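Participant: Predicted model and sequence follow; I will ask about them next.
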Amino acid sequence: MTTEEVATFLEAQRTVICATNGARGWPHLMPLWYVVRGRDIWAWTYGKSQKVRNLERDPRVTLQVEGGQRYEELRGVMIEARTEVHRDLGVITELGVELLHRYTGASSEELLGAVRGQAAKRVAMQFVAERTASWDHRKLSGTY
């Protein structure tokens, strides 16, 4: 995919799979809601979650967003990234409002109270891409 196609695809999809490096050497995969801010993907999670403990040891992640049902429709983006974990309550609250607006459509004013109640328990994760790979089987020609 082109850079523009990747950006459009990421804006249209709903879930990113986040793979962190577990303490026993096994990948730890979890789905996250996300927003795209510039070139970075942002998500939030509980500060005591396994993925945060993994990120504190090793900030590297692999993210994958995919779409399509049949083989000839498959497309996706894989991103190798470094994670910056933000613990500032203002940053977390702003992200929480942005995330929930994206997924619920509710206004910022409607969401602010609920997000403030959650923000103290959460962290914001900023995934800064180092390498991106994409695919779009709709562009393939011939037999599958």
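Facilitator: The structure has been received and is ready for your questions.
Participant: what bits of this structure have low per-residue confidence?
Facilitator: Per-residue confidence of the chain (counting by pLDDT under 70) places the weak regions at 142-144.
Participant: In this structure, spot the helix with the most residues.
Facilitator: For the chain, the longest helix by residue count, based on DSSP state H, is helix 89-104.
Participant: buried ones in it?
Facilitator: Within helix 89-104, the residues that qualify as buried are 91-101, counting by 16 or more other Cβ atoms under 10 Å. (C-beta placed from N, C-alpha, C; glycine too.)
Participant: Ok, stretch 26-37 next?
Facilitator: Buried positions in stretch 26-37, judged by neighbour count with 16+ other Cβ under 10 Å: 28, 32, 34-35.
Participant: With stretch 1-21 instead?
Facilitator: Buried residues in stretch 1-21, counted by 16+ other Cβ under 10 Å: 1, 6, 9-10, 13, 16, 18-21.
Participant: which one of these sits closest to E72?
Facilitator: Sorting these by how near they are to E72, with Cβ to Cβ, puts M1 at the top with 15.6 Å.
Participant: related to what we said a few turns ago, and the longest helix of the chain, what other elements does it pack with?
Facilitator: Here helix 89-104 touches strand 35-37, strand 40-46, helix 108-119, strand 122-136, going by 3 or more Cβ pairs under 8 Å, 6 or more residues apart in numbering; DSSP states H and E.
Participant: What is the nearest of the buried residues of helix 89-104 to M125?
Facilitator: Using Cβ to Cβ as the measure, the one of those that approaches M125 most closely is L95, at 8.9 Å.
Participant: For L32, which non-adjacent residue is closest in space?
Facilitator: When the adjacent residues along the chain are set aside, L32 lies closest to A43, with 4.2 Å between them (Cβ to Cβ, 6 or more residues apart in numbering).
Participant: That neighbour: neighbouring residues, count only.
Facilitator: Neighbours of A43 under the rule other Cβ atoms under 10 Å: 22.
Participant: That one touches L99, doesn't it?
Facilitator: Yes: in this structure, A43 is within contact of L99 by Cβ atoms under 8 Å, at 7.4 Å.
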